[in-house]
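K.L.:
Pasting the sequence and the predicted coordinates here, then a few questions.
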Amino acid sequence: MTIEINNPKIEAYFINEFKSDIKKFSEFILINLEKYPKQNNEFKVKTLDPKKNSSSLVFDNKVNVESSDNPFKDIEDVATYAKNLREKAWR
């Protein structure tokens, strides 16, 4: 275990008190951690009703587009299409 201490007084205390005794150091840490209550880092978020707090997208430039239109209908080989996409992405 490595601990960086930027305060010379605290560093001297740890060096003199524990002198590489890991068990004693671990007990010291555990005892002091038990003294302080755990901080509750949780926060409360009001739950919203998705039906009341959402809206549908409306496109003004919608020209002859059917809801069942598939933009990938011209793709015959998925593997080749994906390979070409990856190659073009790095150029």
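P.N.:
Thanks, I have it.

K.L.:
Check the gap between Ala89 and Asn41 for me.
P.N.:
38 Å (Cβ to Cβ, to the nearest Å). (Glycine included, C-beta is placed from N, CA and C.)

K.L.:
and if you look at Glu4?
P.N.:
Relative to Asn41, and taking Cβ to Cβ, Glu4 is found at 24 Å.

K.L.:
Equivalent analysis for Lys24, please.
P.N.:
In this structure, Lys24 and Asn41 are 30 Å apart, going by Cβ to Cβ.

K.L.:
got it, and Asn84?
P.N.:
Counting by Cβ to Cβ, the separation of Asn84 from Asn41 is 46 Å.

K.L.:
for Phe18, same thing?
P.N.:
Relative to Asn41, Phe18 is positioned 30 Å away (Cβ to Cβ).

K.L.:
what do you get for Pro71?
P.N.:
44 Å.

K.L.:
which of Asn84 and Asn41 has more neighbours?
P.N.:
When Asn84 and Asn41 are compared on other Cβ atoms under 10 Å, the one with more neighbours turns out to be Asn84, at 11 against 5.

K.L.:
Now the helix or strand harbouring the more buried one - C-alpha only, PDB.
P.N.:
Using DSSP states H and E, Asn84 sits within helix 78-89. Listed next in PDB are the C-alpha coordinates belonging to helix 78-89 (Å, rounded to 0.1, in the frame of the first residue of the first chain):
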ATOM      1  CA  VAL A  78     -24.200  -6.500 -43.800                       C
ATOM      2  CA  ALA A  79     -20.600  -7.600 -43.200                       C
ATOM      3  CA  THR A  80     -19.300  -5.700 -46.300                       C
ATOM      4  CA  TYR A  81     -21.400  -2.700 -45.400                       C
ATOM      5  CA  ALA A  82     -20.000  -2.600 -41.900                       C
ATOM      6  CA  LYS A  83     -16.400  -3.000 -43.100                       C
ATOM      7  CA  ASN A  84     -16.800  -0.100 -45.500                       C
ATOM      8  CA  LEU A  85     -18.300   2.100 -42.800                       C
ATOM      9  CA  ARG A  86     -15.300   1.300 -40.500                       C
ATOM     10  CA  GLU A  87     -12.800   2.100 -43.300                       C
ATOM     11  CA  LYS A  88     -14.500   5.400 -44.200                       C
ATOM     12  CA  ALA A  89     -14.700   6.400 -40.500                       C
END
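
K.L.:
That concludes my questions; thank you for your assistance.
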